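Participant: Here is my input, please return the structure:
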Amino acid sequence: MTVADELVGMAERREALFGIVGLGYVGLPLAVELANAGYRVLGYDVTQAVVDGINAGHSHVKDVTDAQLKAVVQAGRLSATTDAARLAEPDAISICVPTPLSKFKDPDMSFIQAATDAVKRTLRRGQAIILESTTYPGTTREIMLPALQSTGLAVGEDFFLAFSPERVDPGNPTYGTRNTPKVVGGITPDCLRVAIALYQPAIDTLVPVSTTEAAELVKLLENTFRSVNIGLVNEMAIVCDKLGVDVWEVIEAAATKPFGFMKFLPGPGLGGHCIPIDPHYLAWKMRGLNYKTRFIDLAGELNTEMPVFWVRKVADALNHESKAVRGAKVLVLGVAYKRDIEDIRESPALDIIHLLEEAGARVSYHDPHVPSYREDGGARRSVPLTPETLAAADCVMVVTDHRAVDYEQVRRHARLVVDTRHVMPRAD
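Facilitator: Below you'll find the model as predicted:
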């Protein structure tokens, strides 16, 4: 029996110990699903507070409730550690670490490199390593494979290496880790076979592809598709504004076509962990191959300009009321990058706040999911959303339309509203 056959058998019998490197918004939900499928799971994270919370049954990720976490922790199927030496124990290790961009919009591979080094130090015969972090095509083969093979172990024989991109949509009530189809690509056919077998008990639908590069590119295509189409509809919002046409009316009418059209909505810009970042990984890779990704670059420019467009709308609305932006009190509703979550990564609301303050406005914010946040060394706190707060503002700007916000109250008490999400009638 080959090593691959042994791992496949262990997966079928749920005898494999599964390791998760990185216990954030991707790693923790995956760890819980694997534990629910019958695996024993060992989570590894460098943050002691995260590890202590998980071991106590307290979730720091909104998509995993304390009750869900406690069930698997108390059953002895999930535990966490900050001891990297324990990565020798798992039979399979999924790496779920961040992949941000540098200030020059180049991939920051430091987290993947650190995770690879940690796994390399304890790599043993019979382990499967699966990278889930979004990255540029070639990362698994060009960065991880040489490092792991430097141990003297052979890929596809002694250890197995695959890539399976995360598809987490924070706050999505319909699709989670288990019922979202999962793409998997392996360095060798046995790498793919082992990875599929390991994920099979925890994921409803697995989608094998021929190589790790194909799997890496799948995730970038998905989010580049969204970025480009959001860029298009954001430009249409600007066009409609100049023509005096309601862009939302146009979009809703276009969406009645039963074929050939997919509905996207304009907004204040792009935010979150994927869409504003992932296309830059592909653009960066292509620059190294002497090719310019024109759609990606143009969509990035359009989406980046949207906060400026909406700040101009605030200035115009105030001007109609014979008020200047300088000195005006502006209340921003919502700083999370999308509705009903607490995540502010890459949120366009932060850019809007900066632009308003640069223009001299006095800005406060309300967000029921973000009671406070720190940025550039300073702290901000959400103000209560009361009739008095609304009435005191010269302009209320809706950026993120959380369901917990009472927009009827906003309509009743705000003097002036500029709404980026079309929750209520336009200010003009």
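Participant: surely residue 344 meets residue 370?
Facilitator: Yes: counting by C-beta atoms under 8 Å, a contact exists between residue 344 and residue 370, whose distance comes to 6.1 Å. No exception for glycine: its C-beta is placed from N, CA and C like everyone else's.
Participant: Can you check which residues contact both of these two?
Facilitator: Residues touching both residue 344 and residue 370 (C-beta atoms under 8 Å, 6 or more residues apart in numbering) are 335-336.
Participant: Let me see the domain layout of the protein.
Facilitator: Using automatic domain parsing, the domain parsing of the chain gives 3-210, 247-419.
Participant: Buried deepest among the ones you listed, which one?
Facilitator: Neighbour counts averaged per stretch over those are highest for domain 3-210, at a mean of 19; criterion: mean count of other C-beta atoms under 10 Å.
Participant: Which residue of this structure lies farthest from its centroid?
Facilitator: Among the C-alpha atoms of the chain, the one farthest from their average position, using C-alpha atoms, centre = their mean, is that of residue 322, at 40.9 Å.
Participant: With mean pLDDT and distance to residue 228 added, can I get the domains of the chain in a markdown table?
Facilitator: A markdown table is the format used below for the domains of the chain (pLDDT from 0 to 100; distance: least, C-beta to C-beta, whole Å):
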| stretch | mean pLDDT | distance to residue 228 |
| --- | --- | --- |
| domain 3-210 | 96 | 17 |
| domain 247-419 | 92 | 4 |
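Participant: would a markdown table of the ones you listed with distance to residue 225 be doable?
Facilitator: Converted to a markdown table, the domains of the chain look like this (distance: least, C-beta to C-beta, whole Å):
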| stretch | distance to residue 225 |
| --- | --- |
| domain 3-210 | 13 |
| domain 247-419 | 9 |
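Participant: on that earlier part again, in terms of helices and strands, where is the residue farthest from the centre of the chain?
Facilitator: When secondary structure is defined by DSSP states H and E, residue 322 falls outside every helix and strand.
Participant: circling back: the domains of the chain: which one's closest to residue 240?
Facilitator: Across the domains of the chain, residue 240 has its closest neighbour in domain 247-419 (3.8 Å, C-beta to C-beta).
Participant: Kindly provide the distance from residue 201 to residue 33.
Facilitator: Using C-beta to C-beta, to the nearest Å, one gets 9 Å for the distance from residue 201 to residue 33.
Participant: With residue 275 instead?
Facilitator: Spatial separation of residue 275 from residue 33 under the definition C-beta to C-beta is 24 Å.
Participant: buried residues in the helix or strand containing residue 222?
Facilitator: Of the helices and strands defined by DSSP H and E, residue 222 is found in helix 212-243. With burial defined by 16 or more other C-beta atoms under 10 Å, the residues of helix 212-243 counted as buried are 212-213, 215-220, 222-228, 230-237, 240-241.
Participant: just how off-centre is the helix or strand following it within its chain?
Facilitator: Following helix 212-243 in sequence order, the next helix or strand is helix 247-254 (DSSP H and E). Averaging C-alpha coordinates over helix 247-254 and over its chain gives two centres that are 28 Å apart (C-alpha atoms, centre = their mean, to the nearest Å).
Participant: Is residue 130 located within a strand, as I assumed?
Facilitator: Yes: note on residue 130: a strand contains this position according to DSSP: H, G, I helix; E, B strand; the rest coil.
Participant: what's near enough to touch it?
Facilitator: In this structure, residue 130 makes contact with 92-95, 161-164, 184, 195, 198, judged by C-beta under 8 Å, 6+ apart.
Participant: again, but for residue 368
Facilitator: Residue 368 sits next to 382, 385, 402, 404-405 when contact means C-beta under 8 Å, 6+ apart.
Participant: In CSV: these, plus secondary structure and distance to residue 127.
Facilitator: Written out in CSV, the entries for these read as follows (DSSP: H, G, I helix; E, B strand; the rest coil; distance: C-beta to C-beta, whole Å):
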residue, secondary structure, distance to residue 127
382, coil, 45
385, coil, 51
402, coil, 43
404, coil, 44
405, coil, 48
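Participant: Make JSON lines out of these and add distance to residue 308.
Facilitator: Putting the contacts of residue 368 into JSON lines (distance: C-beta to C-beta, whole Å) gives the following:
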{"residue": "382", "distance to residue 308": "24"}
{"residue": "385", "distance to residue 308": "26"}
{"residue": "402", "distance to residue 308": "24"}
{"residue": "404", "distance to residue 308": "28"}
{"residue": "405", "distance to residue 308": "25"}
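Participant: Tell me the one among the residues you listed nearest to residue 284.
Facilitator: The nearest member of these to residue 284, counting by C-beta to C-beta, is residue 402 at 33.8 Å.
Participant: That closest one and residue 333: what is the separation?
Facilitator: Computed as C-beta to C-beta, the residue 402 to residue 333 distance reads 8 Å.
Participant: joint contacts of those two?
Facilitator: Going by C-beta under 8 Å, 6+ apart, residues that sit against residue 402 and also against residue 333 are residue 367.
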